[in-house]
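> Could you look at this predicted model? Sequence included:
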Amino acid sequence: MVDSNKKKLTTNFGVPVADDQNSITTGSPHYTLLSDTHLIEKLAHFDRERIPERVVHAKGTGAHGYFEVTHDITQFTRADFLSQIGKKTDLFVRFSTVGGEKGSADSARDPRGFAVKFYTDEGNYDMVGNNTPVFFIRDAIKFPDFIHTQKRHPAKHTKDPDMMWDFLSLTPESIHQVTILFSDRGTPKSFRHMDGHSSHTYMFYNQAGEHCWFKWHFKADLGFQTLTDAEATELAGTDPDRATKDLYDSIEAGEYPSWTVYVQIMTADDAKNYKFDPFDITKVWYHADYPLIPVGKMVLNRNPENFFAEVEQVAFAPGNFVPGIGVSPDKMLLGRLFSYPDTQRHRLGANFHQIPINASKAGLTNNYQRDGVMNIDGNGGAGPNYYPNSFDGPEPDAQYAVPAIDVTGLVDRHPFVLSDVDFVQAGELYRRVMSDADRSNLISNICGNLGQAQRRIQLRQTALFYKADEDYGKRVAKTLGLDLTEVKNLAAMSQEERVKATMS
């Protein structure tokens with residue numbers, strides 16, 4: 001029975017919302033549909049919340065460099081910049097923190113953005129990833145809410161542990177990324193000592209039109225080195241721009257940082273039968289199942305001449321593909337395809353692609369989009385501004401079509417069925433990957449922050465840690481002074497029961 005006194009969630013126009021946790025998608029696989037007006041409204045409003053800095057990834061720096069192919073993967077992709085061993089492609093990389101404002105500290109506990117713009121001969125290709133292989137949520141409809149919890153309280157205007165841990169404990173899929181974030185991996189030593197990952201799954205397709213799925217991995221040749229919480233906190237007070245300065249100074253001194261670049265490859269058939277949804281960004285593909293395949297080397301060798309013109313105005317979009325690379329049915333990715341260019345149009349203007357740092361170096365822009373603020377490329381001259389036309393205007397070419405993907409099922413807001421699979425990889429990371437010192441630092445880092453939240457939220461979140469690994473949950477409970485029996489009881493409940501038991 002519906003409680004008539006309970007507040008109803010509505011759109012900005014007062015229309016009641018039936019489901020705020022699941023985007024409208026096709027049945028299987030889950031391709032998000034543009035007809036989901038609630039999703040579009042949430043993302044579009046979110047993209048326009050702040051002027052002029054980026055809503056997320058506001059604090060960052062960048063550098064120019066190149067990518068060089070070292071291994072042949074042409075059996076998987078027709079992408080020209082990957083077509084020949086020894087081929088070099090110019091690029092620009094932007095590193096960033098995610099949640100902080102432009103003046104925040106480089107050493108803050110936060111995921112790090114790892115975005116690469118390849119200036120290929122077929123146009124610009126953007127790889128927009130992070131320094132972690134997973135993320136907190138798997139559906140873009142939750143993204144505005146998640147970021148709000150990482151920002152400031154609407155009344156107090158301070159960071160608020162209740163907001164953050166309330167959301168995370170109500171979103172069990174976040175447990176894997178939470179475990180990574182609160183380990184020392186959440187505070188990298190510098191941008192040079194940091195790995196990068198696409199996190200998302202993408203499509204490769206070759207000249208024959210055969211497709212497979214893949215993930216990018218950039219391994220720092222200097223090694224992935226981290227700071228302890230104490231070291232990161234000290235730097236935040238004494239040298240908050242340390243990572244920014246470190247990258248600039250190293251390149252200035254000719255000490256060019258580099259990364260060895262790999263992909264993981266999964267066949268289309270394997271994806272249908274893998275042990276979990278391979279398009280779920282909260283999960284990694286096991287390297288034992290899909291080992292890293294070397295592709296090339298990325299080197300950064302030139303600093304920006306002007307920070308604003310290049311670093312601040314560079315605009316990345318996960319949907320900037322070149323022939324040979326395409327999208328996958330990753331619900332988080334599919335929302336980003338809309339949100340990223342939309343926020344750049346808001347932040348930089350409709351013609352942000354004409355800004356030199358964003359413009360194609362291959363001189364390939366040739367379409368019927370005209371006018372708009374700050375149009376500086378001749379605006380198409382006297383040529384036609386419509387298609388089809390009979391005045392020798394540019395035409396589509398079917399040879400660049402992406403392979404067709406078969407979809408089935410009902411168009412609906414398909415909920416992701418919660419299960420214990422969400423806790424498996426977090427538990428494996430805790431038990432099998434982390435050292436004793438890593439685990440001790442993890443517990444200390446979590447409890448220092450979670451301990452500031454309400455007790456009911458502490459109990460709910462600790463129950464999730466317990467579900468991932470009993471020792472994990474026990475140590476958090478002990479450090480926070482929580483009743484272990486109560487934690488165990490909550491862990492044994494379904495998520496719905498656990499939420500109900502900890503609402504007040």
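On my side now, so go ahead.
> contacts, neighbours, all on C-alpha from now
Fine.
> Give me the neighbour count for Thr365.
13 (other CA atoms under 10 Å).
> the strands in this structure, which residues?
Remark: strands assigned in the chain by DSSP state E are 24-25, 60-69, 88-97, 112-120, 123-130, 196-197, 202-205, 211-220, 258-267, 293-302, 325-326, 412-413.
> Make JSON lines from these and add mean neighbour count to it.
Shown next, in JSON lines, are the strands of the chain (neighbours: other CA atoms under 10 Å):
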{"stretch": "strand 24-25", "mean neighbour count": "24"}
{"stretch": "strand 60-69", "mean neighbour count": "22"}
{"stretch": "strand 88-97", "mean neighbour count": "23"}
{"stretch": "strand 112-120", "mean neighbour count": "24"}
{"stretch": "strand 123-130", "mean neighbour count": "22"}
{"stretch": "strand 196-197", "mean neighbour count": "25"}
{"stretch": "strand 202-205", "mean neighbour count": "24"}
{"stretch": "strand 211-220", "mean neighbour count": "22"}
{"stretch": "strand 258-267", "mean neighbour count": "21"}
{"stretch": "strand 293-302", "mean neighbour count": "20"}
{"stretch": "strand 325-326", "mean neighbour count": "22"}
{"stretch": "strand 412-413", "mean neighbour count": "18"}
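> In the helix or strand of the chain with the lowest mean pLDDT, which residues are buried?
When the helices and strands of the chain are scored by mean pLDDT, DSSP states H and E, helix 37-47 comes last with a mean of 87. Within helix 37-47, the residues that count as buried by 16 or more other CA atoms under 10 Å are His38, Leu39, Ile40, Lys42, Leu43, Ala44, Phe46, Asp47.
> my read: the last one touches Asp342, true?
Looking back up the chat, that one is Asp47. Yes - between Asp47 and Asp342 there is a contact under CA atoms under 8 Å: 7.0 Å.
> What residue, apart from its backbone neighbours, is nearest the residue positioned nearest the centre of the chain spatially?
Centroid-nearest residue in the chain, with CA atoms, centre = their mean: Gly129, separated by 5.2 Å. Leaving aside its sequence neighbours, Gly129 sits nearest to Ser198 (CA to CA, 6 or more residues apart in numbering; 4.3 Å).
> ok, how many other residues are close to that neighbour?
25.
> Was I right to think it contacts Phe135?
No - in terms of CA under 8 Å, Ser198 does not count as a neighbour of Phe135; the distance is 10.6 Å.
> list the contacts for the residue nearest to Gly129?
Met127, Val128, Gly129, Asn130, Pro133, Lys215, Trp216, His217 (CA atoms under 8 Å, 6 or more residues apart in numbering).
> what's the farthest-apart pair in these?
Met127 and Pro133 (13.3 Å; CA to CA).
> how far away is the residue nearest to Gly129 from Trp216?
Distance from Ser198 to Trp216, counting by CA to CA, to the nearest Å: 5 Å.
> and what of Glu101?
If you go by CA to CA, the gap between Glu101 and Trp216 works out to 28 Å.
> For the nearest residue to Gly86 once chain neighbours are set aside, list the residues it contacts.
Excluding the flanking residues, the one nearest Gly86 by CA to CA, 6+ apart is Val69, at 5.2 Å. In this structure, Val69 makes contact with Leu82, Gln84, Ile85, Gly86, Lys87, Lys88, Val295, Gly296, Lys297, judged by CA under 8 Å, 6+ apart.
> which residues touch the closest residue to the last one other than its chain neighbours?
Yep, that's Lys297 we're talking about. Here the nearest residue to Lys297 in space, its sequence neighbours aside, is Thr260; by CA to CA, 6+ apart that works out to 4.7 Å. Thr260 sits next to Phe218, Lys219, Ala220, Asp221, Pro294, Val295, Gly296, Lys297, Met298 when contact means CA under 8 Å, 6+ apart.
> From Thr462, how far out is Thr260?
Applying CA to CA to Thr260 and Thr462 gives a distance of 37 Å.
> what's the answer for Tyr205, then?
43 Å.
> what does Pro304 give?
Distance from Pro304 to Thr462, by CA to CA: 45 Å.
> Which one of these two is surrounded by more residues?
A direct count of neighbours by other CA under 10 Å for Pro304 and Thr462 places Thr462 higher, at 28 against 15.
> What's the separation between that one and Val128?
For Thr462, the distance to Val128 - CA to CA - is 32 Å.
> Equivalent analysis for Asp280, please.
Asp280 sits 17 Å away from Val128, going by CA to CA.
> One more: Glu122?
18 Å.
> same check, this time on Pro329
For Pro329, the distance to Val128 equals 17 Å [CA to CA].
> again, but for Ala382
36 Å.
> So Gln177 is in contact with Thr282, correct?
Yes - at 7.2 Å, Gln177 counts as touching Thr282 under the criterion of CA under 8 Å.
> Just give the closest residue to Asp162, not the sequence neighbours.
Nearest non-adjacent residue to Asp162 (CA to CA, 6+ apart): Ala453, at 4.7 Å.
> what about that neighbour, how many neighbours?
18.
> quick revisit: any idea what the residue nearest to Gly86 is bridged to?
Gly296 (DSSP bridges).
> Okay, now the unreliable bits of this structure?
By pLDDT under 70, the low-scoring segments of the chain are 1-4, 50-51, 364.
> the domain parsing of it - what is it?
With domains defined by automatic domain parsing, the chain comprises 57-135+190-363, 421-501.
> Let me see the contact set for Thr32.
Contacts of Thr32 by CA under 8 Å, 6+ apart are Ser23, Ile24, Thr25, Thr26, Pro329, Lys331, Leu334, Gly335.
> Quickly note the distance from it to Val93.
Distance, Thr32 to Val93, using CA to CA: 29 Å.
> Repeat that for His64.
Per CA to CA, His64 is found 6 Å from Val93.
> Isn't Val17 up against Leu9?
Yes - counting by CA under 8 Å, Leu9 is a contact partner of Val17 at 5.6 Å.
> what's the burial count for Ala288?
Residues lying near Ala288 (other CA under 10 Å) number 7.
> no no, Ile405
Ile405, neighbours per other CA under 10 Å, totals 9.
> same deal with Gly14?
By the other CA under 10 Å criterion, the neighbourhood of Gly14 contains 9 residues.
> what do you get for Ala317?
So Ala317, with other CA under 10 Å, has 21 neighbours.
> Likewise for Gln461?
Neighbours of Gln461 (other CA under 10 Å): 29.
> State the distance from the closest residue to it other than its chain neighbours to Phe136.
Using CA to CA, 6+ apart and skipping residues adjacent in sequence, the residue nearest Gln461 is Ser169, 4.7 Å away. With distances taken as CA to CA, Ser169 is found 11 Å from Phe136.
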